[in-house]
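Visitor: Fold the stuff below for me.
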Amino acid sequence: MRRAVLAIVVSVAGLVILLSFRTHSSVPAARIQAAAKVPPLLAGEHALFGSVVDTVYGPVRVQVVLRSATIVGVNILLRPEETGMDVQIGQYAFPKLIGETLAAQSARIDTVSGATYTSGGYIRSLQSALDTRS
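Guide: Residues are numbered from 1 along each chain as shown. Next comes the predicted model:
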């Protein structure tokens, strides 16, 4: 009898913990524009905007800067920032992803270890931007 009561109590406690888990909320569209702090384009450059990609940890959106069909820069317009860990992962992962993008000149890049979801969001947003070029 005690085992049955203990099993029920543990099951209920586990269910309460599971139901109280809070996932990252999505970011309203108004914040997307506010988050876009990017340097102005130089003469001969044009920008392509990637789509907003929702990841487990929050949305990702990039801007690709092209000069004569060459990728010369990538700006992160929207990144996961709900927790300190999100910010820390972004500070580590995005420079690596941008460096790989500039070297590869495409979205065919590797994900950053420890930032798989963020990397996936970056790559999908990057590819959507590159798909819009003529």
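Visitor: now the strands for the chain?
Guide: With DSSP state E, the ranges of strands along the chain come out as 45-49, 53-55, 58-67, 70-78.
Visitor: what's the closest of these to Lys96?
Guide: Taking C-beta to C-beta as the criterion, Lys96 comes closest to strand 70-78 out of the strands of the chain, the separation being 11.6 Å. No exception for glycine: its C-beta is placed from N, CA and C like everyone else's.
Visitor: Nearest the geometric middle of the protein, what residue?
Guide: With the centre of the chain defined as its mean C-alpha position, the nearest residue by C-alpha atoms, centre = their mean is Val60, 3.3 Å away.
Visitor: pLDDT at the residue nearest to that residue when sequence neighbours are not counted, what is it?
Guide: Counting by C-beta to C-beta, 6 or more residues apart in numbering, Gly121 is the residue found nearest to Val60 once chain neighbours are left out, at 3.4 Å. Here the pLDDT value assigned to Gly121 is 97.
Visitor: Pick the most deeply packed of the strands of the chain.
Guide: Ranked by mean neighbour count under mean count of other C-beta atoms under 10 Å, the strands of the chain are led by strand 58-67, which reaches a mean of 22.
Visitor: ok, the residue nearest to the centre of the chain to Ser11 distance?
Guide: Relative to Ser11, Val60 is positioned 37 Å away (criterion: C-beta to C-beta, to the nearest Å).
Visitor: tell me which residues in the longest helix seen in the chain are buried?
Guide: Among the elements of the chain assigned as helix by DSSP state H, the one spanning the most residues is helix 84-104. Neighbour-count burial for helix 84-104, with 16 or more other C-beta atoms under 10 Å as criterion, is recorded at Asp86, Ile89, Gly90, Ala93, Phe94, Lys96, Leu97, Ile98, Glu100, Thr101.
Visitor: mind listing what the closest residue to Lys96 other than its chain neighbours touches?
Guide: Sequence neighbours aside, Val112 is the residue nearest to Lys96 in space, at 5.1 Å (criterion: C-beta to C-beta, 6+ apart). Contacts were defined as C-beta atoms under 8 Å, 6 or more residues apart in numbering; by that measure Val112 touches Tyr92, Ala93, Lys96, Leu97, Thr118, Ser119.
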